[in-house]
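S.K.: what shape does this take:
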Amino acid sequence: MKNKIKRLMLGIAAGAALLHFSVLGQVQAVSSPPVTSESIREKEEEISRIKEEKETLKNGLSNLKDIKKELEKQKNNLAEYVRQLDNNLAVIEENIAELNDKIQVKEGEIQQAEIDLEAAFEKEENQKESTIACIRLMYEAGNPSIVDMLMEAKGFGEFLNRADYVEKVYVYGQQMWQNYKAAREYVELCKEQLELEKEILDETRESVQVEQRNLEELIEQKTRDIIAYDSDINNKEKAIREYEEEIRAQEEEIKLLEQAVAEEKKKLLASMVITYDGGMFKFPLATYTRISSDYGIRPHPTLGVDHFHNGVDFASPKGTAIYAAYDGKVVAATYSTTMGNYVMIDHGSGLYTIYMHASALYVKKDDVVVKGDTIAAVGSTGRSTGNHLHFSVRLNGAYVSPWEYLKES
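M.R.: Alright, predicted model coming up:
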């Protein structure tokens with residue numbers, strides 16, 4: 001009983017302030033739904049997830065040192081070296097694409113975190129105003145009002161009822177204080193989440209830059225190593241033989257594709273076979289800077305011997321769109337160590353176009369394309385020392401000058 005009386009006395013100031021419903025209404029008017037322990041727990045779990053995401057980001061970058069170490073083992077076999085290096089470049093490019101996707105997602109998450117923080121600030125401010133209003137009204141009422149209220153009770157039963165009300169008012173005041181503390185804690189958690197999200201965004205952007213540097217360094221190394229391999233006097237004869245063998249292999253690969261197409265056409269009715277109608281080709285690139293090597297007999301850039309260049313090389317920035325020069329059917333969209341990523345299109349009547357060294361392929365075998373479709377992107381895959389499109393035209397099993405069909409448009 002003594003403890004109850006003590007608690008009642010502690011709540012005396014609260015009772016006077018909240019006896020009148022109009023006064024109580026003033027406090028409730030500025031009050032907002034309290035922050036729950038469940039919402040705080042969910043926010044803490046979200047912060048924990050973000051910290052794990054941050055740690056994972058650090059472990060996802062390419063290890064350039066390990067890549068170079070593995071490549072070093074393949075330098076005596078240029079074809080395998082080029083294949084492995086192109087594979088590494090493809091992995092890094094995929095990683096860069098994934099990181100850029102993460103940046104877009106993270107920017108959205110930061111926007112949502114800022115909205116959550118703003119809402120948390122508003123809830124905290126409302127809770128603070130409610131608590132201050134309650135304390136102020138309690139103070140303004142003072143102890144005498146409580147005493148008068150209790151003394152004016154008509155009978156002991158009414159006295160106990162009024163005393164019980166005073167106790168409830170006191171509990172209400174305590175709950176408001178706890179609500180304010182919860183709102184304050186939630187604000188701090190929202191701040192922590194927002195800062196972590198921003199840190200991950202910055203680190204992801206930095207990771208893209210690191211991977212881009214790794215990509216550029218490997219491309220530069222590939223160029224240096226191919227030139228060095230071809231220029232080494234001890235390897236000169238071997239390199240020339242290898243180059244000639246590669247050209248023969250490339251020719252054989254193209255011929256096999258042409259034979260496969262011919263066999264397929266035999267199985268189809270003549271009316272279903274693609275036929276070239278004699279029109280001029282669309283220029284196969286969105287843009288280019290120069291012709292780095294034209295069609296015909298040309299000195300090899302590193303071997304120092306004359307060779308037949310079976311197409312036209314258009315130097316162009318990496319990623320530049322490569323177009324189908326004419327309507328046709330894709331008979332190959334794959335990779336080889338000499339041509340890199342390449343596309344071969346059958347235009348009918350024994351006419352084919354070939355697009356080599358792409359960084360990305362956008363079509364697959366058996367796709368039907370129309371003049372001007374984007375089929376690939378400029379790159380430097382395969383036996384290449386710089387970003388360019390090698391564009392070849394074959395007619396009835398032999399290479400012909402692309403300029404006979406080509407117009408810049």
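S.K.: ok, residues contacting stretch 286-301?
M.R.: 230, 243, 305-317, 320-323, 385-386, 388-389, 401-403 (CB atoms under 8 Å, 6 or more residues apart in numbering). Placement of C-beta: from N, CA and C, glycine included.
S.K.: counting neighbours, which of those residues end up buried?
M.R.: 230, 243, 309-316, 320-323, 385, 388-389, 402 (16 or more other CB atoms under 10 Å).
S.K.: what is the end-to-end distance of stretch 315-334?
M.R.: 21 Å (CA to CA, to the nearest Å).
S.K.: that stretch - what's its average pLDDT?
M.R.: For stretch 315-334, mean pLDDT is 93.
S.K.: same check on stretch 177-197?
M.R.: pLDDT averaged over stretch 177-197 gives 79.
S.K.: okay, buried residues for it please.
M.R.: 179-180, 182-183, 185-187, 189-190, 192-194, 196-197.
S.K.: which residue ranges of this protein form strands?
M.R.: Counting by DSSP state E, the chain has strands at residues 290-293, 296-299, 306-309, 312-315, 321-323, 328-336, 340-348, 351-358, 360-361, 368-369, 374-377, 388-395, 398-400.
S.K.: name the helices or strands packed onto the fifth one?
M.R.: Taking 3 or more CB pairs under 8 Å, 6 or more residues apart in numbering; DSSP states H and E as the contact definition, the neighbouring helices and strands of strand 321-323 are strand 374-377.
S.K.: ok, the strand it packs on: who's next to it in the sheet?
M.R.: Paired neighbours of strand 374-377 in the sheet (DSSP bridges): strand 321-323 (antiparallel), strand 360-361 (antiparallel).
S.K.: just send those back as a markdown table, with distance to residue 112 too.
M.R.: Shown next, in a markdown table, are those (distance: least, CB to CB, whole Å):
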| stretch | distance to residue 112 |
| --- | --- |
| strand 321-323 | 35 |
| strand 360-361 | 33 |
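S.K.: among those strands, which is nearest residue 38?
M.R.: strand 360-361 (47.2 Å; CB to CB).
S.K.: contacts for that closest one, please.
M.R.: Contacts for strand 360-361 (CB under 8 Å, 6+ apart): 319, 333-334, 341, 343, 375-377, 379.
S.K.: hang on, the earlier thing: which stretch among the strands paired with strand 374-377 comes nearest residue 213?
M.R.: Here strand 360-361 is closest among those (CB to CB), at 20.3 Å.
S.K.: quick one: the helices in this structure, in order.
M.R.: 2-10, 12-18, 21-29, 37-59, 64-72, 78-151, 156-231, 236-267 (DSSP state H).
S.K.: write a ChimeraX command that selects only the buried members of the contacts of strand 360-361.
M.R.: The following ChimeraX line selects those of the contacts of strand 360-361 that are buried, judged by 16+ other CB under 10 Å:
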select :333,341,343,375,376,377,379
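S.K.: how about the contacts of strand 360-361 in JSON lines, adding distance to residue 127?
M.R.: As requested, the contacts of strand 360-361 are exported to JSON lines (distance: CB to CB, whole Å):
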{"residue": "319", "distance to residue 127": "53"}
{"residue": "333", "distance to residue 127": "63"}
{"residue": "334", "distance to residue 127": "65"}
{"residue": "341", "distance to residue 127": "61"}
{"residue": "343", "distance to residue 127": "64"}
{"residue": "375", "distance to residue 127": "61"}
{"residue": "376", "distance to residue 127": "60"}
{"residue": "377", "distance to residue 127": "56"}
{"residue": "379", "distance to residue 127": "59"}
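S.K.: out of the contacts of strand 360-361, who's nearest residue 220?
M.R.: Taking the contacts of strand 360-361 together and measuring to residue 220 by CB to CB, the closest member is residue 379, at 14.4 Å.
S.K.: now do the contacts for the nearest residue to the closest one once chain neighbours are set aside.
M.R.: Distances taken as CB to CB, 6 or more residues apart in numbering put residue 359 closest to residue 379, at 2.6 Å, once the chain neighbours are dropped. Applying CB under 8 Å, 6+ apart to residue 359 gives the contacts 93, 318-319, 341, 376-381, 387.
S.K.: likewise residue 253?
M.R.: 336, 339.
S.K.: and which of the contacts of residue 359 is nearest residue 215?
M.R.: The closest of the contacts of residue 359, once distances to residue 215 are taken by CB to CB, is residue 93, at 6.7 Å.
S.K.: just give me the neighbour total for the residue nearest to the closest one when sequence neighbours are not counted.
M.R.: Excluding the flanking residues, the one nearest residue 93 by CB to CB, 6+ apart is residue 215, at 6.7 Å. As a burial measure, residue 215 scores 20 neighbours (other CB atoms under 10 Å).
S.K.: for residue 215, give me its contacts.
M.R.: 89, 92-93, 96.
S.K.: how about 7 Å then?
M.R.: Residue 215 is in contact with 89, 92-93, counting by CB atoms under 7 Å, 6 or more residues apart in numbering.
S.K.: closest to residue 45 among these?
M.R.: Checking the contacts of residue 215 one by one against residue 45 (CB to CB), the nearest turns out to be residue 92, at 33.4 Å.
S.K.: any figure for the gap between the closest one and residue 216?
M.R.: Separation of residue 92 from residue 216 (CB to CB, to the nearest Å) stands at 10 Å.
S.K.: of these two, which one has the most company?
M.R.: residue 92 (21 against 11).
S.K.: the more buried one against residue 211, yeah?
M.R.: Yes - between residue 92 and residue 211 there is a contact under CB atoms under 7 Å: 5.6 Å.
S.K.: returning to that earlier point: among the contacts of strand 360-361, which two are most distant?
M.R.: Longest span within the contacts of strand 360-361, CB to CB: 319 and 334, 19.8 Å.
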